[in-house]
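Trainee: What follows is a predicted protein model with its sequence.
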Amino acid sequence: MKSILSFFSIPVLALSLGACSTGPQPQQQAADYPEPVFTAKRLLPPEKDDLDDLTAVYDPWEGMNKRIYNFNYHFDQAVFLPVVRGYEAVVPAVGRQGIDNFFNNFVDLLTIMNSALQLRGEKFVQSTGRVLINTTVGLFGLIDVASAMDIPRPVESFGDTMGHWGVGQGPYLVIPFLGPSNLRDGLGLIPDAYVQASVKSAVLSKPLDLTTTVLFPIDTRANTSFRYYENGSAFEYQMVRWLYSTKRKLDVKQ
């Protein structure tokens, strides 16, 4: 059960990119949230002012994917965001930052593993240094001392590892609750989830392990600015699909 719960908690960040072409009409972007890092304006070349590139992603399961997008949107509105608002109302900002730092420390462990599998020594050393410093000086990761010391924070997943060794993205895939992905990254969630669940169960007590499993997706959603249908695009599904796929290509090349 722990492994299953951790499987669904690790990649919830992808949910933040989810959208559906059958949802509500686009609305103006909320001013309370910063602009997402990977926007069409930043990724789409200036000469590409049409939807050709947005529809070029291999999406043989488009009908199913759109239905899952629609489900994810309703789940986000009815469950996820209300829970996040309650979390933000109860936990002060300094506490939320400590919790986020704590989870980032576990994610850095995955980067250590995947950097080693990719034979990327610099990223391996950076991530290892971050974990050692934040776990000790940073009080088990609650304080991000490594960032204060200007130590870079690479992020590598098993999907990146497979991509590094030549495995293609495969068909675009929308995962229930989690959002945009592809076949390669979806399969890559399994070893990442197993490693994280194993480490957590080894170093945390059972009550704390369960608590962190529940808190991780809430913390992730609280720290993700994207909101469904607030980007003003009538082609949100196609745009999110292209942005995600392009971002993953860039991630693997880094």
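Mentor: Thanks, I have the structure now.

Trainee: Okay, buried residues for the longest helix seen in the chain please.
Mentor: For the chain, the helix that runs over the most residues, judged by DSSP state H, is helix 93-117. Residues 96-117 are the ones in helix 93-117 that count as buried (16 or more other Cβ atoms under 10 Å). Just so you know, the C-beta spots here come from the backbone N, C-alpha and C atoms, and that holds for glycine as well.

Trainee: what angle separates the helix or strand that it is followed by from helix 93-117?
Mentor: Using DSSP states H and E, the helix or strand that follows helix 93-117 towards the C-terminus is helix 121-136. Counting by axes from the mean of the first three to the mean of the last three Cα atoms, to 10 degrees, helix 121-136 points 140 degrees away from the direction of helix 93-117.

Trainee: Show me which positions of helix 121-136 end up buried.
Mentor: Here helix 121-136 shows 123-124, 126-131, 133-135 as buried, counting by 16+ other Cβ under 10 Å.

Trainee: Check stretch 237-254 too.
Mentor: Applying 16+ other Cβ under 10 Å to stretch 237-254 flags 237-246, 248, 251-252 as buried.

Trainee: ok, of the residues you listed, which one's closest to residue 59?
Mentor: Nearest to residue 59 out of these is residue 241 (Cβ to Cβ; 6.4 Å).

Trainee: Excluding chain neighbours, what is closest to the closest one?
Mentor: Take residue 241 and drop its neighbours on the chain: the residue closest to it by Cβ to Cβ, 6 or more residues apart in numbering is residue 57, 5.1 Å away.

Trainee: Just say helix, strand or coil for the one you found.
Mentor: Recorded secondary structure, residue 57: coil (DSSP: H, G, I helix; E, B strand; the rest coil).

Trainee: coming back round to it: turn the buried residues of stretch 237-254 into CSV, columns for secondary structure, distance to residue 214 and pLDDT.
Mentor: What follows is those, written out as CSV (DSSP: H, G, I helix; E, B strand; the rest coil; distance: Cβ to Cβ, whole Å; pLDDT from 0 to 100):
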residue, secondary structure, distance to residue 214, pLDDT
237, helix, 30, 89
238, helix, 34, 91
239, helix, 32, 89
240, helix, 27, 91
241, helix, 30, 94
242, helix, 33, 94
243, helix, 29, 92
244, helix, 26, 94
245, helix, 31, 95
246, helix, 32, 94
248, helix, 28, 95
251, helix, 28, 93
252, helix, 31, 92
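
Trainee: low-confidence ranges in the stretch 151-254 of the chain?
Mentor: Nowhere does the stretch 151-254 of the chain drop to pLDDT under 70.

Trainee: For it, which segments count as helices?
Mentor: Assigned by DSSP state H, counting those that start in this stretch, the helices in the stretch 151-254 of the chain fall at 158-164, 183-203, 206-222, 236-253.

Trainee: how about the buried residues of stretch 237-254 in TSV, adding distance to residue 225?
Mentor: Compiled in TSV, those are given as follows (distance: Cβ to Cβ, whole Å):
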residue	distance to residue 225
237	19
238	21
239	16
240	14
241	19
242	19
243	14
244	15
245	20
246	19
248	19
251	19
252	24
